[in-house]
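Enquirer: the sequence isn't on hand, but the structure is:
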């Protein structure tokens, strides 16, 4: 005799006033769904297939959205400063879908699997970066890269193209080898590359998913900001645990020019000499670029071995420059109204930079400790622009000139990463993309600065791309200039995967404005 049909546990809040973590995006949501890894009436996840209730919850929500002709988006850590994850119709809170499993059985790995099976993690969509590190490091593994923030969900970070500065690794999406997506009608699919398949059909069958092996489809969907469907899980490549030894030094702006545009660090007197650090970043105070100002802060992280017998080190006492630079500007937001004078803006940015971007003694920690907690304060904005390595000094000079002209209450942060295969990755410039992050106070002055900078870089003929999780132009023409044929390739892949009705279901205002919804 068959048992009762199990129903997923889903709660619904109507007419919900939602805002993101950085307080710059708000929406009045018709329905906010909370999905759980629980069957209705149960209090603990099932002992086997613990991810199953969450998967069925996402499928049910998609069907309900289609029945009611509503758009639906998945919400992770609410970290994005753009409207990538936002819908004012249906929004799904996935944070409770945080099951992780490391290692795959031999029979589930494809012969051409691009990573050792012991280093593959099946991670549900709601697991955060900090949860991943807390799961991996006691088991002797580390993330290969991440952004500076650890409150993002893995899925949200990957879907918007988040990068770190592990210059030989790539961005977070470059560590992904499979996507489990709930698409229209609640049908669900396992997507992976045909050229580098990670798992066998047996793996997809365990999930009950339809297997699709297609490089173009995978490369489009992996950075698609929720617009191919609701991602249920990712297959992530990790690596054996390592330590990061961190050095922070302070320089005059003129002293970093060569390294900024070539990654030749020989003139910086770093601990490992001319060797490019595993992670290399620069933060510039745009109001301290003169001789003797010492307004450029360089952080170099070197990868060091960790032995199995070695206990994990205690967390570093001060993360310094490694902390999210957006947090730094939250301190400015607390005290900078939009009408403040230009002179006071510059002085406050100088003082807070000196106070927050400290030169600290060398420190060592795991990846999760080094890119640790982020304390958000204030209402902030940020945009991040990708430019080719060789054009970086010119782009930064233009940025500094405009920051002064607009009294931009913020700093200029540079990181470096190799190009990604993802169709709409903003880290697309070779041999390295320099990412120019510009966190600032929430004000019309900041928005005007961003718009002026985008135009100035275009006028100078400097190729630029945009981080999908931060402020970006709403101008379809600018995005087409930035991504070129990538836009058409991405649209073709989405149209081949979803019907016109499905494309509407998984679109939102951001896609409408960017010309990516149809």
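Expert: Good, I have the coordinates. Bear in mind that the values here come from a model prediction, so they are computed numbers and not experimental data.

Enquirer: list the contacts for residue 272?
Expert: 300, 302 (CB atoms under 8 Å, 6 or more residues apart in numbering). Heads up, the C-betas are built off the backbone N, CA and C, glycines and all.

Enquirer: that's a strand at it, yeah?
Expert: No. Counting by DSSP: H, G, I helix; E, B strand; the rest coil, one finds residue 272 to be coil, located in no strand.

Enquirer: mind giving me the packing neighbours of the helix or strand where residue 122 lies?
Expert: Secondary-structure assignment from DSSP states H and E places residue 122 in strand 120-124. Applying 3 or more CB pairs under 8 Å, 6 or more residues apart in numbering; DSSP states H and E, one finds that strand 120-124 contacts strand 100-102, helix 129-136, strand 230-237.

Enquirer: flag every buried residue along that strand.
Expert: 120, 121, 122, 123, 124 (16 or more other CB atoms under 10 Å).

Enquirer: cool, stretch 230-249 as well?
Expert: 230-239, 241, 243-249.

Enquirer: report the contact partners of the nearest residue to residue 429 once chain neighbours are set aside.
Expert: Using CB to CB, 6 or more residues apart in numbering and skipping residues adjacent in sequence, the residue nearest residue 429 is residue 388, 4.1 Å away. Neighbour list for residue 388: 429, 430, 432, 433, 434, 462, 463 [criterion: CB under 8 Å, 6+ apart].

Enquirer: neighbours around residue 429, how many?
Expert: 23 (other CB atoms under 10 Å).

Enquirer: spit out the contact partners of it.
Expert: 386, 387, 388, 389, 419, 463, 465.

Enquirer: next one: phi and psi at the fourth one?
Expert: Dihedral pair for residue 389: phi -50, psi -50, per degrees, to the nearest 10.

Enquirer: roughly how far apart are it and residue 431?
Expert: Plainly put, residue 389 is 6 Å away from residue 431 if you go by CB to CB, to the nearest Å.

Enquirer: circling back to that earlier point, could I get the contacts of residue 429 as a markdown table with distance to residue 105 and secondary structure?
Expert: As requested, the contacts of residue 429 are exported to a markdown table (distance: CB to CB, whole Å; DSSP: H, G, I helix; E, B strand; the rest coil):
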| residue | distance to residue 105 | secondary structure |
| --- | --- | --- |
| 386 | 39 | strand |
| 387 | 44 | strand |
| 388 | 43 | strand |
| 389 | 42 | helix |
| 419 | 33 | coil |
| 463 | 44 | coil |
| 465 | 39 | strand |
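
Enquirer: ok, which pair from the residues you listed is furthest apart?
Expert: Using CB to CB, the contacts of residue 429 span at most 13.4 Å, a distance reached by 389 and 465.

Enquirer: of these two, which one has the most company?
Expert: residue 465 (26 against 18).

Enquirer: okay, now the unreliable bits of the stretch 51-200 of the chain?
Expert: Within the stretch 51-200 of the chain, no stretch has pLDDT under 70.

Enquirer: now the strands for it?
Expert: 72-75, 90-93, 100-102, 120-124, 141-142, 176-182, 188-192 (DSSP state E, counting those that start in this stretch).

Enquirer: verify the contact between residue 106 and residue 117 for me.
Expert: Yes. Using CB atoms under 8 Å, residue 106 is in contact with residue 117, at 6.5 Å.

Enquirer: so between these two, which is more surrounded?
Expert: Ranked by neighbour count (other CB under 10 Å), residue 106 and residue 117 place residue 117 first, with 17 against 8.

Enquirer: mind naming the longest strand for the protein?
Expert: strand 26-39 (DSSP state E).

Enquirer: next, the buried residues of that one.
Expert: 27, 29, 30, 31, 32, 33, 34, 35, 36, 37, 38, 39.

Enquirer: quick one: which of the residues you listed is nearest residue 442?
Expert: Using CB to CB, the buried residues of strand 26-39 come closest to residue 442 at residue 27, 16.6 Å.

Enquirer: contacting residues around that closest one?
Expert: By CB under 8 Å, 6+ apart, residue 27 lies in contact with 18, 19, 86, 87, 88, 91.

Enquirer: let me know the angle separating the longest strand of the chain from strand 120-124.
Expert: With axes from the mean of the first three to the mean of the last three CA atoms, to 10 degrees applied, the angle from strand 26-39 to strand 120-124 works out at 110 degrees.

Enquirer: what's the angle from strand 26-39 to strand 230-237?
Expert: Using the same axes, to 10 degrees: strand 26-39 against strand 230-237 is 70 degrees.

Enquirer: direction included, what does strand 26-39 pair against?
Expert: strand 8-19 (antiparallel), strand 90-93 (parallel) (DSSP bridges).

Enquirer: so what pLDDT did residue 492 get?
Expert: Predicted confidence (pLDDT) at residue 492: the value is 98.

Enquirer: what of the one 5 residues further on?
Expert: For residue 497, the model assigns a pLDDT of 98.

Enquirer: wait, doesn't it sit right on residue 217?
Expert: Yes. Distance between residue 497 and residue 217: 6.1 Å, which falls inside the contact criterion (CB under 8 Å).

Enquirer: ok, residue 82 touching residue 468?
Expert: Yes. Between residue 82 and residue 468 there is a contact at 6.4 Å, judged by CB under 8 Å.

Enquirer: overlap in contacts, the two.
Expert: residue 160.

Enquirer: so where's the stretch 251-400 of the chain uncertain?
Expert: 316-342, 355-356, 373-378.

Enquirer: mark which of the contacts of residue 388 are buried, thanks.
Expert: Neighbour counting with 16+ other CB under 10 Å marks 429, 432, 433, 434, 462, 463 as buried within those.

Enquirer: identify the farthest-apart pair in these.
Expert: Using CB to CB for every pair in those, the one that comes out farthest apart is 432 and 462, at 14.9 Å.

Enquirer: ok, how many other residues are close to residue 107?
Expert: By other CB under 10 Å, the residues close to residue 107 number 9.

Enquirer: need the contact list for it.
Expert: Taking CB under 8 Å, 6+ apart as the test, what residue 107 contacts is 200, 202.

Enquirer: do you know how far it is from residue 206?
Expert: Here residue 107 is placed at a distance of 11 Å from residue 206 (CB to CB).

Enquirer: for the nearest residue to residue 228 once chain neighbours are set aside, give its distance to residue 142.
Expert: Leaving aside its sequence neighbours, residue 228 sits nearest to residue 221 (CB to CB, 6+ apart; 4.5 Å). Taking CB to CB as the measure, residue 221 falls 26 Å from residue 142.

Enquirer: beta partners for the closest residue to residue 210 other than its chain neighbours?
Expert: In this structure, residue 210 finds its nearest non-sequential neighbour in residue 189, 4.9 Å apart by CB to CB, 6+ apart. On the basis of DSSP bridges, residue 189 takes part in beta bridges with residue 181, residue 210.

Enquirer: neighbours of residue 189, how many?
Expert: For residue 189, using other CB under 10 Å, the count is 21.

Enquirer: who's in contact with it?
Expert: Contacts for residue 189 (CB under 8 Å, 6+ apart) come out as 180, 181, 183, 209, 210, 211, 212, 229.

Enquirer: recalculate using a threshold of 7 Å.
Expert: By CB atoms under 7 Å, 6 or more residues apart in numbering, the contact list for residue 189 reads 181, 183, 209, 210, 212.

Enquirer: just the buried ones out of the residues you listed, please.
Expert: Applying 16+ other CB under 10 Å to the contacts of residue 189 flags 181, 183, 209, 212 as buried.
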